[in-house]
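*Asks:* Quick check, what structure comes out for this input:
(2 chains)
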Amino acid sequence: MAIRQKTLALLTIGQSPRVDLTGDVRSRLPDDIRIVEYGALDPYTLEEVTARFSPKEGDEVLVSRMRDGRQAKFAGRCVNPLLQACIEKAEGEGADAILLLCTGEFPRFTHRVPLLAPQKLFQFTAAQWADGGKVAVIVPDRDQVHDAEKRWSCGGVQPVITYASPYGPLSAIEQTAKTLRGCGAAFVCLDCMGFSQHMKARVAALSGLPVLLPRTLAACAAAELLSEEERPPRTAPTAE
Amino acid sequence: MKKRTLAIISIGQTPCVREHDDMLTRLPDDIVIRQYGALDDLTPEVVLRDYAPKEGDEVLVSGMRGGLRVRLAGHKIVPLLQQRILEAEKDGVDAILLQCTGEFPHFEHHVPLILPQQILNTTAAQLADGGRVAIILPDPDQVEDGIRRWKAAGVDPIVVSSYPAMDAIDHLREVAASLKNSGALFVCFDCMGFTQQMKTVVEQESGLPVLQPRTLVCAVAAELLSTLERTRP
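*Replies:* Model prediction:
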């Protein structure tokens, strides 16, 4: 029996296409899942985003990427209705499931198909792994540190929060990673879907710690639900 | 390439992961495994005599080396699992995966310990978002506890049972067909014993997506342990 193609909608809070991100997601998806992208900020220029959606005092601060690679910073409450509209569009266009490309906190969206918002799975997996111990968390922006401290402390870990943008130079991420060596954390959480597999590898090498990357963790969960394919067997011996 | 070792601890006997096992397809080449079984040193007679569940016990199911199915009282195997955890740590493993979606008390451990139940419940609850999920447990005596546990996890559960073995596949096919118009968003196997083949059967008969903890939990373990940059064309 032929395996049906499934459609996974990738929904960025920034602008699609996320050429910096889909390759990593694709690396966890078997061939029977195809990707279609949607972006909350697709209709706007960066200047419009700055003028209309800049975060005010007390707002949840989100950071994402415009089509041309520039970073956008905006208030969560401004983007929620835009995301709801994208969800409806994706469902109308036949998405079998939707992956929200942001580890931020969101209100309940209205949706018919499974909607995976990575935050809970990410924090939950980290909490189980840490088992009450210290975890280093890297957020993109200094203005997110305070909220991150609250969010991760409630999530069952002892967080040590630092910041470095995935949309800035790699050297800044590498510098931050070096400061984590010997800090006593069990591992590092890169708290943004903007962080890539390559950044994970650099952070792991420079900090000496394991690193949990929400981008690929979420893609794995989506693949486990949607894919009907058998995967190829591994090539290396299983035990040494 | 620096390799990390993942201990896989079965509540039954090893081998619990064979060559070409679907679990292994989720573990990249920089992770190697070592297997341990709670019942490894025991004969079937001893298991049936000393570890069988009584009224009110949490029931877990597993297999002995020759394929004999056994029902176990959850609380009775806890000390055996604790022993295996300490053994695995002495063997220098980097992390441990307990190959059972049952509920367990806090184990003493120094390396990270992956307990599938909460990973499965969190993923399923997140995807269902309050909606209906069909749950398949291995044993009918687990259904009542299963309903309670899944409601507490935040889903609207339909709980059925079917034993995960190829000689019981016709029964699984019937159970899956009964879920066709159930209103469930997807099916969730609540046991690490359900394989890819069984997932395919349930997908075909129910017409629903199926979440298989056996591979989901390994994929999550790989995210924690592996630093290989993977690509796909």
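
*Asks:* Need phi/psi at the residue positioned nearest the centre of chain B.
*Replies:* In chain B, the centroid-proximal residue (C-alpha atoms, centre = their mean) is B:Met192; its distance is 2.1 Å. The phi/psi pair for B:Met192 (degrees, to the nearest 10) reads phi -70, psi -10.

*Asks:* mind listing what it touches?
*Replies:* By C-beta atoms under 8 Å, 6 or more residues apart in numbering or on different chains, the residues touching B:Met192 are B:99-101, B:116, B:213-214, B:217. For the C-beta atoms, the positions are set from N, CA and C on the backbone; glycine is no exception.

*Asks:* If we use 10 Å, what do you get?
*Replies:* Shown in contact with B:Met192 (C-beta atoms under 10 Å, 6 or more residues apart in numbering or on different chains): B:8, B:10-11, B:16, B:23, B:62, B:97-102, B:116, B:120, B:138, B:164, B:212-218.

*Asks:* What about chain A: which of those residues touch it?
*Replies:* Counting by C-beta under 10 Å from any C-beta of the partner chain, B:23, B:116, B:212-218 from the contacts of B:Met192 sit close to chain A.

*Asks:* Show only the entries of those residues found in strands.
*Replies:* Residues of those located in strands (DSSP state E): none.

*Asks:* count of neighbours near residue 69?
*Replies:* By default, I'm working from chain A. By other C-beta atoms under 10 Å in any protein chain shown, 10 other residues sit near A:Gly69.

*Asks:* try chain B instead
*Replies:* B:Arg69 has 16 nearby residues by other C-beta under 10 Å.

*Asks:* for A:Met100, phi and psi?
*Replies:* Met isn't right for residue A:100; it's Leu. Dihedral angles of A:Leu100 (phi, psi; degrees, to the nearest 10) stand at phi -80, psi 120.

*Asks:* give the contact list for it.
*Replies:* Applying C-beta under 10 Å, 6+ apart, the residues near A:Leu100 are A:9-13, A:40, A:83, A:86-87, A:106, A:109, A:115-119, A:193, A:218.

*Asks:* List the beta-bridge partners for A:Leu100.
*Replies:* Counting by DSSP bridges, A:Leu100 forms beta bridges with A:Leu11.

*Asks:* per-residue confidence at it?
*Replies:* We have a pLDDT of 97 for A:Leu100.

*Asks:* same deal with the one 3 residues further on?
*Replies:* The score at A:Thr103 is 95. That number is its pLDDT.

*Asks:* ok, longest helix in the chain?
*Replies:* Since you didn't name a chain, this refers to chain A. Ranked by number of residues, the top helix in chain A under DSSP state H is helix A:76-92.

*Asks:* not what I meant, chain B
*Replies:* The residue-count maximum for a helix in chain B (DSSP H) belongs to helix B:74-90.

*Asks:* Name the next helix or strand downstream of that helix, please.
*Replies:* strand B:95-98 (DSSP states H and E).

*Asks:* what mean pLDDT would you report for whichever helix or strand comes after that following strand?
*Replies:* Next along the chain after strand B:95-98, taking DSSP H and E as the criterion, comes strand B:113-114. Averaged across strand B:113-114, the pLDDT comes to 94.

*Asks:* Determine the set of other helices and strands touching strand B:113-114.
*Replies:* Packing partners of strand B:113-114 (3 or more C-beta pairs under 10 Å, 6 or more residues apart in numbering or on different chains; DSSP states H and E): helix A:118-130, strand B:4-10, helix B:74-90, strand B:95-98, helix B:213-225.

*Asks:* Measure how the longest one sits relative to strand B:4-10, angle-wise.
*Replies:* Between helix B:74-90 and strand B:4-10, the angle formed by their directions is 160 degrees, by axes from the mean of the first three to the mean of the last three C-alpha atoms, to 10 degrees.

*Asks:* What residues sit buried inside helix B:74-90?
*Replies:* B:74, B:76-77, B:80-82, B:84-85, B:88-89 (16 or more other C-beta atoms under 10 Å in any protein chain shown).

*Asks:* Kindly report the same for the last one.
*Replies:* Of the residues in helix B:213-225, B:213-225 count as buried by neighbour count, 16+ other C-beta under 10 Å.

*Asks:* Ok, the shortest one next?
*Replies:* Within strand B:95-98, the residues that count as buried by 16+ other C-beta under 10 Å are B:95-98.
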